[in-house]
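Trainee: Give the three-dimensional model of this entry:
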Amino acid sequence: MSSTTLKAAFVGFGEINSPKEIIESKCRNALKEVRSLGIDIITTDPVTDDPDGVDVRRALKDLKGKDFDLLIICLAGWIPSHAVIAITTEFKHMPMILWGLAGDMKNGHIVTTAAQAGTTALRKVFGDLGYRFRYIYNIIGKPSPLEKIGNFAAAACAAKAMEDTRIGMMGFRDMGLYNTLYEGISLKSKIGTEVDFFEMLEMLQISEKVENKEVEQLLKKVKAKWSFERPVEDAFLEKGIAYFLAIKKIAERNGYDAISLKDVDGMKKLLHFPPAVIFMLLSEEMNVCTIPENDVMGAVTQLIVRQVTGQCGAYLEFYEFFEKSVLLGVPDYVPAEVVEGKVKVTPAAFGGISGGLLNISTMKTGRLTVIRLSNTGDQYTMHISTGEGRLRAWEEAGWTQPAPQLPSLEIFLDASVEDFTQKISGQHYIIAYGDHVQSLYDFCYLKNIKVV
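Mentor: Okay, here's the model as predicted:
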């Protein structure tokens, strides 16, 4: 499955007539700061505009053939543009940062190597050449903009990682929904994700051959990890574990990073087995993204969130709107990662669906980012908002009484609720704890996705 390790190449620059020791010192300090972000660095000695191009050739030799996601062009002083372009041309399809370092204050006056003369001579040129880059600069006496570097580096790494992601989809278009559909060619072309379908029959056939010993081992683990509010029959849990182990085998064989199942019209209608326990095990035991109802775009959003933030990207769906907040919850499960304390489960029935295991865990509260990717043909849009998640008592009509408290959050949005609701693109939205707006914006910039 996908993993995220930030890797960058760092090239410092300074004009050949600038004091060498100053340029080298500034580049060393900048490099140290970038490494403090946990980014693996490939580097080379500072590059000058020497007339024979020795430095440029040496830098290219040091960088070519190396594996990295981002090229950091760091100007420690003035440099004629040709020396920089000679290197960036070789990596023109790679995300870049154009970073200008600042001068110093000595004896009450400014001493500068004119790095911003160099960056301003390059900023428009980078754009005209079609580079995907961020332009940042230091200010004398102020800390370096490391947060901007970290956000863009995370986005660049995520953009590359998404090129090798696969979603396993059991069944197709649960409940005949429209907004869970996708357009395969543009999704592969723009985001990089492949959607692979497998049949419920295949899962069922494999589950029937799962060894009892394997089921028993996981059953023992589940009973120790989860808090059961009311007793659940072992036979039910064993069936869910067998289904999970079958899907696990399919997922490992095909390299799935995310999985969705045909829920209402599949697992519940045909197998009479609400799949919450399967989703919980997929998340906890395999660390894959999970979402119900064949929601392809929801799963892609989860993968983006995971690659950008490192979090699981739990899904929630809308229940109510208020003047300053929205109520989101789930009628089945949440990953253990977003649970406060132990995972809590209970047997519960909803309408004509009985015998299910419902996750009733209390979700973590706090600062949140809520996200969903959508498309109209080959045009992609990401809806991003931030807010504060709080707990609120409520129930969904239809559950057996006493009705369970579903995992949920009332999210007090930073944007107006009216503005937010007019941009909603589906019933499922993905959450990440913390404010990740800038890194998601950077990801969308790199992938040519419109942010709303």
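Trainee: now the helices for the stretch 251-400 of the chain?
Mentor: 269-270, 276-286, 296-309 (DSSP state H, counting those that start in this stretch).
Trainee: so can I have a markdown table of these showing distance to D174 and mean neighbour count?
Mentor: For glycine as for every other residue, the C-beta is placed from the backbone atoms N, C-alpha and C. Formatted as a markdown table, those follow (distance: least, C-beta to C-beta, whole Å; neighbours: other C-beta atoms under 10 Å):
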| stretch | distance to D174 | mean neighbour count |
| --- | --- | --- |
| helix 269-270 | 10 | 14 |
| helix 276-286 | 13 | 23 |
| helix 296-309 | 11 | 26 |
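Trainee: Run through the strands of the stretch 151-300 of the chain in chain order.
Mentor: Remark: strands assigned in the stretch 151-300 of the chain by DSSP state E, counting those that start in this stretch are 166-170, 194-198, 227-228, 258-261, 289-292.
Trainee: Show me the one of the helices of the stretch 251-400 of the chain that comes nearest V56.
Mentor: Among those, helix 296-309 comes nearest to V56, with 33.1 Å by C-beta to C-beta.
Trainee: Please tell me how far that closest one is from the chain's geometric centre.
Mentor: In terms of C-alpha atoms, centre = their mean, to the nearest Å, the centre of helix 296-309 is found 5 Å from the chain centre.
Trainee: just stretch 6-14 next, same as before
Mentor: The chain centroid and the centroid of stretch 6-14 are separated by 24 Å under C-alpha atoms, centre = their mean.
Trainee: ranges for the helices of the stretch 1-150 of the chain?
Mentor: 20-35, 54-63, 81-88, 115-128, 146-161.
Trainee: Out of the helices of the stretch 251-400 of the chain, point me to the one whose mean pLDDT is lowest.
Mentor: With a mean of 93, helix 269-270 has the lowest mean pLDDT of those.
Trainee: Residues contacting it, please?
Mentor: M200 (C-beta atoms under 8 Å, 6 or more residues apart in numbering).
Trainee: would you list the strands of the stretch 151-300 of the chain in JSON lines and tack on distance to S36, mean neighbour count and mean pLDDT?
Mentor: Formatted as JSON lines, the strands of the stretch 151-300 of the chain follow (distance: least, C-beta to C-beta, whole Å; neighbours: other C-beta atoms under 10 Å; pLDDT from 0 to 100):
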{"stretch": "strand 166-170", "distance to S36": "34", "mean neighbour count": "23", "mean pLDDT": "97"}
{"stretch": "strand 194-198", "distance to S36": "36", "mean neighbour count": "16", "mean pLDDT": "97"}
{"stretch": "strand 227-228", "distance to S36": "40", "mean neighbour count": "14", "mean pLDDT": "95"}
{"stretch": "strand 258-261", "distance to S36": "32", "mean neighbour count": "26", "mean pLDDT": "98"}
{"stretch": "strand 289-292", "distance to S36": "30", "mean neighbour count": "28", "mean pLDDT": "97"}
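Trainee: want to throw those strands into CSV with distance to L60?
Mentor: What follows is these, written out as CSV (distance: least, C-beta to C-beta, whole Å):
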stretch, distance to L60
strand 166-170, 34
strand 194-198, 33
strand 227-228, 59
strand 258-261, 38
strand 289-292, 39
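Trainee: one step back: nearest approach to G176 belongs to which of the helices of the stretch 251-400 of the chain?
Mentor: helix 269-270 (12.6 Å).
Trainee: Okay, H428 and A258: tell me how far apart.
Mentor: Distance, H428 to A258, using C-beta to C-beta, to the nearest Å: 13 Å.
Trainee: Determine the residues that are contacts of both of those two.
Mentor: Here H428 and A258 share the contacting residues I291, scored by C-beta under 8 Å, 6+ apart.
Trainee: Please enumerate the strands of the stretch 301-450 of the chain.
Mentor: 315-321, 325-329, 344-350, 353-359, 366-376, 379-390, 408-413, 428-433, 450-451.
Trainee: In terms of mean pLDDT, which of those strands ranks lowest?
Mentor: strand 353-359 - the lowest mean pLDDT of the strands of the stretch 301-450 of the chain, at a mean of 76.
Trainee: so which of the strands of the stretch 151-300 of the chain comes closest to P404?
Mentor: strand 227-228 (13.2 Å).
Trainee: and that closest one, which strands flank it?
Mentor: strand 344-350 (parallel) (DSSP bridges).
Trainee: so how far is the first residue of stretch 41-59 from its last?
Mentor: Distance between the two ends of stretch 41-59: 14 Å, counting by C-alpha to C-alpha, to the nearest Å.
Trainee: ditto for stretch 7-23
Mentor: Counting by C-alpha to C-alpha, you get 24 Å between the two ends of stretch 7-23.
Trainee: start the count at 426, not 1, going forward
Mentor: Right, with 426 as the first residue, what we last looked at is stretch 432-448.
Trainee: avg pLDDT for it?
Mentor: Averaging pLDDT along stretch 432-448 yields 96.
Trainee: tell me which residues in that stretch are buried?
Mentor: Residues of stretch 432-448 classed as buried under the neighbour-count rule (16 or more other C-beta atoms under 10 Å) are 432-440, 443, 447-448.
Trainee: export the residues you listed to JSON lines and tack on distance to M595?
Mentor: Converted to JSON lines, the buried residues of stretch 432-448 look like this (distance: C-beta to C-beta, whole Å):
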{"residue": "K432", "distance to M595": "34"}
{"residue": "A433", "distance to M595": "38"}
{"residue": "A434", "distance to M595": "41"}
{"residue": "F435", "distance to M595": "44"}
{"residue": "V436", "distance to M595": "47"}
{"residue": "G437", "distance to M595": "51"}
{"residue": "F438", "distance to M595": "52"}
{"residue": "G439", "distance to M595": "57"}
{"residue": "E440", "distance to M595": "60"}
{"residue": "S443", "distance to M595": "62"}
{"residue": "I447", "distance to M595": "61"}
{"residue": "I448", "distance to M595": "58"}
